[in-house]
Every structure is written in structure tokens, then in C-alpha cells.
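Student: Give me coordinates for this.
(one chain, ligands or ions: 1)
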Amino acid sequence: MAASRIVFLMYHELELPGRKLIQSEPGYVRYILLQETFREQMEWIKSSGFHGLSVGKALRYPQEPSVCITFDDGCETDLIAAGPVLQKLGLAATFYLTAGFLGDPGYLSPDQVRELDALGFEIGCHSLTHPYLSDLSDLDLRREIVDAKLRIEEIVGHPIEHFSCPGGRYDSRALGIARRAGYRSVATSRFYANHAGTNPYQLGRVAIVRGLPLDDFAATCRGQGLWKKRVQDRARHSVRQILGNRAYDRLRSSLLGESSR
Ligand SMILES: [Zn+2]
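Tutor: Below is the predicted model of the structure:
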């Protein structure tokens, strides 16, 4: 029997008609889907017979065809735009929250986090202030990984077991701290499907970007074509190694800004 492979999808803020996005830079908007596009994708998942799972459920690697649905950042649209679509279709999901942003304009309030939790969605942690973990001292890493966990646990009143890395950046120190803090998994932004043999502290995840045709989305859910994304990702990674995170971000936003004009 073939081992079951599960693609973990990564979403961010969703766009609702007439509602301003939290940020407007091209590098941010690239990861923002219209609620309507998100609905089409979720309907495709449902009609194709896939199960939509939270991270906790996905880590049991059921044999039935499944995708894992995750959101980063803790935007208010998690509750008001994504939640209703998922609920209507009976799909589960994990929402990774940036603990220090809760209550800020555009982000979930603590009450809304409790509401999302009460609806049965899984709540995870996406750091305290959204820095690149690989740039931090050990002390700051503990704040971002451990203190953030405690802060969200205080809000929901139960353990938080899953962490996702801001901007997909991490190193072995960050992973070690997460494991010792009691997290059961850490999600990255590496383009691979996960299976029972995957290190739960280095889960692959595929960012769903604006303008992705539905056929490509379907292929992604089936785990097809991820190697192409891996090749592009490796190229980006080498440029980043040479330039450093900050210079890389400047270069990226100027390139994206030009191509979107
Ligand atoms: Zn993020």
C-alpha cells in the first residue's frame, strides 16, 4: 500500500469586496486571494473527494485522499471570510496566529480567536511579532516561540501544539526551542508533500498565491509539479544566502513592484 502523502496548503489574509487589506505592497498582495477564489478552491477540494484536515489530524496521515488547510498571521478574515466557507463545506483547518498582532486593526481580537476555537478550528502559533527566526538571538527566539505560545494558550485556555515559521525562515536552534517548548510540529514554506516519515518539525507547505489557475491548484493538491516550485525556491534561497534577508527583501519588492505595473 502506498504511504499517504498530504500537501499542506498555506493561506493568508483573504480579500473581501470593499474591505481594505492590512498591507498593500506587491510582496504582501501576492499571497492574498479573493474570498471568492478561496471558495472555488475549497469547493474543488470537496467535489474531488478530498478531506480537508487540520494539522493535528493530517499528522495521523490517514489513507483517504486529504489536504491540510492552514492560514498564517491571524487576520480577521480568518473568522469572517475563511471560516464560513470552510464550515459550510465541512472542511477543517489550522489557523496560525501572530500573538503580538491580536487586537490590531485587521487582525483577530482575542474574542474572535476564542470564537474560531469554539467553531472547532485548530489554533496554532506563528510567533509573537513575525520576525525572521533565523535572524534572532536565542533569547529573542524563546520570546517568539515560547512566550507567544503561552499568550495564545491564555486566550483559548488549552495547549497550542503547532507552530509555523514567519516568512518560512528558520534554523536548527528555532526548531530545537519549539520542540522543547512542547510543540508537536513546525511548518515551513518548503515545497514538498508530507508523509509519515517526514520530520514533524520541518513540515513542507505550499503557499497558494493570487491568480493561481484552478487546474494548477488541483495539481498542487495532488502533489503534482511541486518539484518545479522547489527548483525556483532553491534559486531564491541561494540569492538570499548571498544577499542576506534584508537586502533580499528590498530586491524582491522592487522586482515585484515593477512586474505588477
Ligand atoms: Zn506570516
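Student: hey, where'd the helices end up in the stretch 101-250 of the chain?
Tutor: Taking DSSP state H, counting those that start in this stretch, the helices of the stretch 101-250 of the chain run over residues 110-118, 138-142, 148-156, 172-180, 214-221, 226-243, 245-259.
Student: and the third one, average pLDDT?
Tutor: If I follow you right, that is helix 148-156. Averaging pLDDT along helix 148-156 yields 98.
Student: Nearest approach to R190 belongs to which of the helices of the stretch 101-250 of the chain?
Tutor: With distances scored as C-beta to C-beta, the stretch of those nearest to R190 is helix 226-243 (7.1 Å). For every residue, glycine as well, the C-beta is placed using N, CA and C.
Student: Which secondary structure elements does that closest one sit against?
Tutor: Packed against helix 226-243 by the contact rule (3 or more C-beta pairs under 8 Å, 6 or more residues apart in numbering; DSSP states H and E) you find helix 245-259.
Student: Close to the ion: what parts of the stretch 51-200 of the chain are there?
Tutor: The interface of the stretch 51-200 of the chain toward the ion, taken as C-beta under 5 Å from the ion, is made up of D72, D73, P166.
Student: By mean pLDDT, which helix or strand of the protein comes out lowest?
Tutor: Across the helices and strands of the chain, the lowest-confidence element by mean pLDDT, DSSP states H and E is helix 245-259, at a mean of 71.
Student: Tell me what angle it forms with helix 226-243.
Tutor: Orientation note: helix 245-259 sits at an angle of 120 degrees relative to helix 226-243 (axes from the mean of the first three to the mean of the last three C-alpha atoms, to 10 degrees).
Student: in helix 245-259, what counts as buried?
Tutor: Under the neighbour-count criterion of 16 or more other C-beta atoms under 10 Å, helix 245-259 has Y248, R252, L256 buried.
Student: The residue of the chain at minimum distance from the ion: neighbour count?
Tutor: Of all residues in the chain, D72 sits closest to the ion, at 4.0 Å by C-beta to the ion. Around D72 there are 29 other residues, counting by other C-beta atoms under 10 Å.
Student: If I look at it, what pLDDT would I see?
Tutor: With respect to pLDDT, D72 scores 98.
Student: Run a quick check on it versus H126, I expect a contact.
Tutor: Yes. Because the distance of 5.2 Å satisfies C-beta atoms under 8 Å, D72 is recorded as touching H126.
Student: what do the two both touch?
Tutor: Taking C-beta atoms under 8 Å, 6 or more residues apart in numbering as the contact rule, D72 and H126 both touch Y96, S164, P166.
Student: mean confidence for stretch 102-122?
Tutor: Mean pLDDT, taken over the full extent of stretch 102-122, equals 98.
Student: list the contacts for the closest residue to G103 other than its chain neighbours?
Tutor: Setting aside the residues directly before and after it, G103 is nearest to S109 in space (C-beta to C-beta, 6 or more residues apart in numbering), at 5.1 Å. With contact set as C-beta under 8 Å, 6+ apart, S109 has these partners: E76, L102, G103.
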